[in-house]
Structure formats: structure tokens, C-alpha cells
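[1] generate coordinates for the sequence data below:
(one chain, ligands or ions: 1)
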Amino acid sequence: MKKLLRILAAALAPLFLLNGCQAVASDTSTLQSRKAVSSPAVSQSSSLQTATADKQNASVWFFDVGQGDSELVRLPDGKNVLIDAGTAESGSHLVKLLKGMNISKLDIVIATHPHADHIGGMQKVIQNFKIGSYYMPRIANKDVPTSHLYTSLLKTIQKKKVSVSEAKAGITILKGSGEQIQLMAPLPVAHEGLNNYSAVAMVTIGQKKFLFTGDAEKESENDMLKSKADLHADVLKCGHHGSKTSTTTAFLKAVSPSAAIISCGRGNDYGFPAMQTLSHLKNDNVKIYRTDEQKTICAHTDGKTITFETGLTSATAS
Ligand SMILES: [Zn+2]
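    Below you'll find the predicted structure:
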């Protein structure tokens, strides 16, 4: 039980990162409207066509949660995978969005690392949905955050008897016919700070791959490169909100994406995304999507092509 508590502790950080966004748009119907934008890798289609096609296809959502991260993968078989839950301020709105998508169960939840901009909304998510499996990295004792908020979230996880597993490189957490989710990080290497504990997930849908890096920084990126794992992905969710501490040229070369997503808040205090990161992406002709400029972004895929849709309902209303 002590071991479990230590693992649980990792996901339940104090909520010290705030964003300037408050309430949320209540109309979730716009989730299936707005303009469709084609990526360089794929063909263009109308939002109506893609919404219909998603009954058989997969969709990958990059929610605008202000200065934070939250992504949802909807698989063709109906399974839903949530990666991070944004900030405390966006938690209720994220729940509304998910319910508006007729989701009642999250088959897999990955809490990449215990920073408030990733797990701030997690307690509300756990309270409102059935949770299949919950993955989080094991954090060294000295780094395990403690706070009242941590305690209350821990109690919620225990009360709901959520199945908790350790997120670590090399494990496969989902394997279906044509779909797979593997973790590429964290590797068992010690680094300073919680960001480099981030669980990094490679989601494969048919021939297409999406790499979700949490807040992994260059140290973790180097670990992944050294591991010799195949890091290629068609879509990269850039590490640490596009900070210059992540998305090194070597890592970008290994991933070699056609499109990159940067999840950050409008006018955030950190200056995310960094010009350096944007330059790296532009130099490699990677199409850039940003939640601070394009709100919630959805990538629709049939496993052969990917079509992006932008300007969807945010989990904030700034
Ligand atoms: Zn973050």
C-alpha cells in the first residue's frame, strides 16, 4: 500500500501553475463544427465528412485548456484515452466537453507528470467518469509533491478504486487490431525536476503515429534517443508547451513529424512557445498548430491520412 501511495502521490501535485483563463464555453455542439484545415501530410475534407467518418475512424483531440495540456484519443472501437487533464481552472469545463462527446468511460488515463497544468483537472475527471486504467510515472521520494490538493485527489482515486499502474518506457498499454499505445519514457535515468519524469506515449493508428511528450525536456529526449526506440511519428505534441528546453534538433530529426502541436495559453507568462522551437519546426517544414491561437484542435485519421480541424470549443473562455 505504501508503494501504491507513493505512485499515487506522483500524480497529485499542488496546483501552483495558474492561467489567465477562467470559465468555459458551455455549448459543446461546436465540437463537430468549424473549419477543416488540411495538413501537408494529408487530404482535405469537410468537418461534416470527418465527423461522420469518425464513427469508424479515430480522432485525436488537443484541448485548449489555457496554459496546460490535455489530449484525448478516440479509437474506432469506441475506447477513449485521456492524456493529462489541464489545469484546476479548466477541469470542470473539460468534464463538460467530454460529457458533451457522450463519453462516460475513459478506458485509459495517462497523467504524464504531477504538475498542476497537467493534472489540475484530474480530480474532477476521476469524479465524473469511469476510469479503466490510470498510468503515472514513479517519482523519487524527494520529488513527490505533497499538498492538501494532492491528498484530496489521492482520496478520490482510492475511493473510486481506480486501478493505478506505473508509466515507464518499454511498456505497451494498449494493443488492438491496428491500434497500439506504447510508452517511450520515462527511462530509468535520474534528472532534475518533474518534467523529465513525463510519460511519453506513442499512439499508433493504422499507419499513422502520434507522439505525446508531456513536458519531457532535452534530457528525457536524449534518453529516448539513446534507447534506440523508433521515435518516428506523423504528429508530435511538442514537449513542455513549446519551451526551448524541449524539441531539440536531434529529437525532431528522429521523430520527423509532418505536423506539430503546441499546447499553451494565450499570452502566457512563460513566453511559450519559444522562438527557437518554432524555428526548429519551420526549418524542418513541420506544419505548426497552436492551442493558444487555434483553440482546440482535432486530428481525424483513418489510419492512412490525417486531417486537422481547428477553432473548436475550448475548455476555457478567455
Ligand atoms: Zn506543463
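
[2] I'd assumed residue 134 was in contact with residue 163.
    Yes. With contact defined as CB atoms under 8 Å, residue 163 reaches residue 134; the gap is 6.4 Å. Glycine gets a C-beta too; all of them are placed from N, C-alpha and C.

[3] what about those two, which has more around it?
    Between residue 163 and residue 134, counted using other CB atoms under 10 Å, residue 134 has the larger neighbour count: 23 against 11.

[4] burial of residue 293, as a residue count?
    Neighbour count of residue 293, defined by other CB under 10 Å: 14.

[5] tell me which element it falls in.
    Assigned by DSSP states H and E, residue 293 falls within helix 291-294.

[6] one more: residue 282?
    Using DSSP H and E, residue 282 maps to helix 275-283.

[7] which residues touch that helix?
    Helix 275-283 is contacted by residues 238, 242-244, 246-249, 252, 260, 262, 288 when judged by CB atoms under 8 Å, 6 or more residues apart in numbering.

[8] what's the pLDDT at the residue of the stretch 51-200 of the chain found nearest the ion?
    Of all residues in the stretch 51-200 of the chain, residue 117 sits closest to the ion, at 4.3 Å by CB to the ion. In the prediction, the pLDDT value recorded for residue 117 is 93.

[9] in the stretch 201-318 of the chain, which spans are strands?
    Under the criterion DSSP state E, counting those that start in this stretch, strands of the stretch 201-318 of the chain are mapped to 208-212, 235-237, 259-262, 287-290, 296-301, 306-312.

[10] indicate which one of these is closest to residue 94.
    Proximity to residue 94, assessed across the strands of the stretch 201-318 of the chain by CB to CB, is greatest for strand 296-301 (10.4 Å).

[11] can I take it that residue 107 is in a strand?
    Yes. Using DSSP: H, G, I helix; E, B strand; the rest coil, the assignment for residue 107 is a strand.

[12] that one: neighbour count?
    Residue 107: 18 surrounding residues under other CB under 10 Å.

[13] now do the contacts for it.
    If a contact means CB under 8 Å, 6+ apart, then residue 107 has 79-81, 132-133, 174 as its contacts.

[14] so in the chain, where's the weakest helix or strand by average pLDDT?
    Using mean pLDDT, DSSP states H and E, strand 36-38 stands out as the lowest-scoring helix or strand of the chain, at a mean of 36.

[15] circling back to that earlier point, select from the contacts of residue 107 the one having the most neighbours.
    Within those, residue 81 tops the neighbour count with 25 neighbours, counted by other CB under 10 Å.
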